[in-house]
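[1] Structure for the following, please:
(2 chains)
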Amino acid sequence: MTRDYKNIVVLPQNFPPPWGLTPQAAAESLRAWKNVDETRIVTRWRPEEIGSAGPDDRFFLVGRAEPISGLTGSAFKQYPVDLAGQMPWLAGDPSTNLLALIKAELEAADLEEAGEPLALSPYPRVLVLGHGPAAEATVTCLSQAGLGAVWARTADGAAPLNPPLRPDQKADSKVELIPCREPLGLQGVAGRFTVRIDTGDSIEEVQAGAVIICGSEKKVNEAPEPFRRFPVKTLTDFEAEVFSRETPAWSGQGERQKIVFLTGLGRSTATSAMRRILNASIKLAAETKADVYVLATQIKVAEYGLERLYGRARDVGVAFIRIPETGPEILSDPNGRPGLKVFDPLVQGHLLLSPDLIVWDESSAPRADLARRAEAFGLFSGPDQGLGPDNVLFLPALTNRRGVMSLGPARGTDSGEIQTLEIESAVMEARHFLRAGVEPPRVVWWTGLCSRCLTCLRACPHGAITFTDRPWFHPQACVACGICAAVCPGQAVDLVDFTDAQVKVRLDLLMARPQEAGRAGPRLVVFGCRRSAQIAMRAATPPEKPVDLICAPLPCGGRLDERLVLEVLGQGADGVMAAVCHPDNCRTQKGGLLADRKVTYLKTTIKSAGFDPRRLKFFTLAPNMGIEFTQAVNTFIAELARLEAEGA
Amino acid sequence: MTDFNLNRADPDFKRQAARRPGAEKITRCYACGACSARCPVGDLNPDFDPRRLIRLVVLGLKEEVLQSPLLWYCSTCYTCQETCPEGVDFTEVLFALKNMAAEAGFFPPAMSAQVDLLRKHGRLYEVTDFENQKRRELGLPELIEKPEHFQSLLEDFQLGPETEA
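    Coordinates of the predicted model:
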């Protein structure tokens, strides 16, 4: 089939590439191959040069560029080129093979356009795990999108499947149902997963291009042991009493009752639970004589109307007290009344409180099945023990493994609105992995340097490396964090976009540079994650004292290379700083942790090499922390000056 | 570090305070700290922290608030009031709290000394020949103390000698 494209834009770098593919040759080749309306080659990304992008337009960018806003997904592909203009990830003749890649992309887009099933991946199905409404909605959404689904129902036995399919669903979409007692493990990479499932009778292997985890076990009803010393009610039971027409027992006159709402132990409070707590506490504080306290790790108000409810609760006199995730300390009073003890940073002291009733938000209990599932699937669980980090950067449904999504109860969201968003996002993401598109590799592997030690395989937090007789780096699962390259003892692994050689050339040049007259301070090398430190540095104000600041960007904190740190110290750097994202914000999850460990290890190493370990500094920051960055540099300069004075 | 026993606190304290004119919106505080960040008194004396005072009121720690000398440190510059995103009129809240403290008998000696000065001289410092000499040199009219106006005012406001004792 043929389709007319308005634009196919190939954008080479500004310099002529060493391989023979000239823009003209590319244009001619594509024109001859397809009935292409217009193929234009531009050398720089300027809107006026490209014109407006229509729905039929496809863009191919060869080289390095900032992400282009408004162009995502299949309309836009980027093929990285290294500093020398080479494409080390592309075997053979670049000019032929790059064109082949572009043609394969267009072919896939054609098939999709013509309504062909996306049966291009070897495993063109999505595995859905769960039994609740979120799982059912996900299966429905998948079949409406024309994608095949395997629904592993985690509930006891398999109820007859009756997904509410709409008449407009595509004819070839089909849903297979299997019972699932427990998922046992996940192998492979996005597009080619094999999931082992204990069905109760046997152990089945299910092959799928993507996995969506929706379900979780029932909620825990009982409060954790230490709190059972108090009179405790679950939020559900308490709501029934508060909102019933009859007068509940605790609303009696006489002594004022202290009623404490307790939420967020071990996992953060869902907004839906927050709404219930606020409503109940407002009713209580406004209509009874009770003293109402809400003890929460976080007051979550990120949903419509919650901010207003929170304001109303404060108006009627509910007191909010922040507790640590481990919960308040429990005191045993000699008079028999146990009490709670919480440190309040606002009053700089401990608050002591003996509640007459604790209302326990049972939805905020950690769930054991999610911990098991995280283990089986090689996923990180967030601080709230939901699957997938509890962080806006990972919204709406992503986990650390590409191709594995978690949503709904598996993520800790109970709200319908957010779940719908999550389901749609997960299905869109899954669709991406069912296409057998050719993704350009993100990692270069040098066969002669590799000793097959498998350090990279163990270090990869994304499950993107598999091993046969050599390690394979799967671009569809790789996020190009560079952790494999940093840990490789033989330097056999490099990021396409960020090779050791590039960084070394740049650092060598900067280090060899004579100090300018106005920057006669210490020479400071900052290895900074490009997602946080690099942005913060741009927003930072100049430090108080003159300093010769050299920046070495890292694709992720985990890419911090001990060798480079030692090298710059040897070349005369006065201090080295590793600035990476906060632990919860790290998009590779373990990057900051790895960087921290490396700095700790390096401190002992440089000590034995005769450097003072205080010349090395590790700190974490967010992209908007320009001021804090300057402060850190200022204190570091002062510290280095002290070291100089000590003669260290 | 101090322990604050909420069992002995008076949870009604925030409502008592909120009934005073100007202090109605005290419970709106969500402890963002904008007031504390901009307070010029807090710059000089870190112990003076508007957010902490409000927090103590909201938690019902009546005695801690009313007995605190910090209440009287405020220079009434109104920066906190201008800053507050929730419209808590903190300077007004402090007036209310100061009134409550005075009613409860917590009136710092420095303040009663100021009242004494007012009663005696009609202003916060005594006008002597030295001041009037200076004023003459500058061509300004002489100041004459008329404390009786203030004495009657103070009596009207029940800040006379008998209530103070």
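[2] Which residue ranges of chain B form helices?
    Using DSSP state H, the helices of chain B run over B:13-18, B:34-38, B:40-44, B:50-58, B:62-66, B:79-83, B:90-103, B:109-121, B:129-137, B:147-156, B:161-164.
[3] other SSEs contacting the second one?
    When you say that, I think you mean helix B:34-38. When contacts are defined as 3 or more CB pairs under 8 Å, 6 or more residues apart in numbering or on different chains; DSSP states H and E, helix B:34-38 sits against helix B:50-58, helix B:79-83. Every C-beta, even on glycine, is put in place using the N, C-alpha and C of the backbone.
[4] Can you confirm whether the longest one lies near chain A?
    This points to helix B:50-58. Yes - against chain A, helix B:50-58 shows contacts by CB under 8 Å from any CB of the partner chain at B:51-52, B:55-56, B:58.
[5] Just want the angle from that helix to helix B:90-103.
    Inter-element angle recorded for helix B:50-58 and helix B:90-103: 50 degrees (by axes from the mean of the first three to the mean of the last three CA atoms, to 10 degrees).
[6] coming back round to it: ok, and which of the helices of chain B has the densest surroundings?
    helix B:50-58 (a mean of 25; mean count of other CB atoms under 10 Å in any protein chain shown).
[7] Now do it: distance to the chain's middle.
    Centroid displacement of helix B:50-58 relative to its chain, using CA atoms, centre = their mean, to the nearest Å, is 15 Å.
[8] Locate the residue of chain B with the greatest distance from its centre.
    Largest separation from the mean C-alpha position in chain B: B:Glu137, at 36.7 Å (CA atoms, centre = their mean).
[9] returning to that earlier point: can the helices of chain B go into a markdown table with extra columns for mean pLDDT?
    Formatted as a markdown table, the helices of chain B follow (pLDDT from 0 to 100):
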| stretch | mean pLDDT |
| --- | --- |
| helix B:13-18 | 90 |
| helix B:34-38 | 92 |
| helix B:40-44 | 92 |
| helix B:50-58 | 92 |
| helix B:62-66 | 91 |
| helix B:79-83 | 92 |
| helix B:90-103 | 92 |
| helix B:109-121 | 85 |
| helix B:129-137 | 92 |
| helix B:147-156 | 81 |
| helix B:161-164 | 47 |
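[10] JSON lines for these, including distance to A:Ile213?
    Output for those, formatted as JSON lines (distance: least, CB to CB, whole Å):
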{"stretch": "helix B:13-18", "distance to A:Ile213": "45"}
{"stretch": "helix B:34-38", "distance to A:Ile213": "42"}
{"stretch": "helix B:40-44", "distance to A:Ile213": "49"}
{"stretch": "helix B:50-58", "distance to A:Ile213": "41"}
{"stretch": "helix B:62-66", "distance to A:Ile213": "50"}
{"stretch": "helix B:79-83", "distance to A:Ile213": "46"}
{"stretch": "helix B:90-103", "distance to A:Ile213": "49"}
{"stretch": "helix B:109-121", "distance to A:Ile213": "65"}
{"stretch": "helix B:129-137", "distance to A:Ile213": "82"}
{"stretch": "helix B:147-156", "distance to A:Ile213": "74"}
{"stretch": "helix B:161-164", "distance to A:Ile213": "72"}
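[11] A:Arg513: which of the ones you listed is closest?
    helix B:34-38 (41.0 Å; CB to CB).
[12] For the closest one, which outside residues touch it?
    With contacts defined as CB atoms under 8 Å, 6 or more residues apart in numbering or on different chains, helix B:34-38 is touched by B:42, B:49-52, B:79-80, B:83-85, B:88, B:90.
[13] can you redo those residues as a markdown table with distance to B:Ala18?
    Output for those, formatted as a markdown table (distance: CB to CB, whole Å):
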| residue | distance to B:Ala18 |
| --- | --- |
| B:Gly42 | 24 |
| B:Asp49 | 20 |
| B:Pro50 | 16 |
| B:Arg51 | 17 |
| B:Arg52 | 18 |
| B:Thr79 | 22 |
| B:Cys80 | 17 |
| B:Thr83 | 20 |
| B:Cys84 | 15 |
| B:Pro85 | 19 |
| B:Val88 | 10 |
| B:Phe90 | 13 |
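[14] got a pLDDT number for the closest residue to A:Ser363 other than its chain neighbours?
    Counting by CB to CB, 6 or more residues apart in numbering or on different chains, A:Ser363 lies nearest to A:Ala273, which is 4.8 Å off, once chain neighbours are set aside. Per-residue confidence (pLDDT) for A:Ala273: 82.
[15] Dump the helices and strands packed on helix B:34-38 into a markdown table; add distance to A:Val565 as well.
    A markdown table is the format used below for the helices and strands packed on helix B:34-38 (distance: least, CB to CB, whole Å):
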| stretch | distance to A:Val565 |
| --- | --- |
| helix B:50-58 | 42 |
| helix B:79-83 | 44 |
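[16] and A:Ser332, which of these is closest to it?
    Distance to A:Ser332, taken as CB to CB, is lowest for helix B:50-58 among the helices and strands packed on helix B:34-38, at 26.6 Å.
[17] contacting residues around that closest one?
    The contact list for helix B:50-58 (CB under 8 Å, 6+ apart) reads A:314, A:319, A:344, A:346-348, B:4, B:13-14, B:17, B:26-27, B:29, B:31-33, B:35-36, B:39, B:42, B:64-65, B:68, B:70-71, B:80, B:88, B:90, B:93-94, B:97.
[18] Those residues of chain B touching chain A, which are they?
    Residues of chain B lying near chain A (CB under 8 Å from any CB): B:1-7, B:11, B:14-15, B:27-31, B:51-52, B:55-56, B:58-61, B:86.
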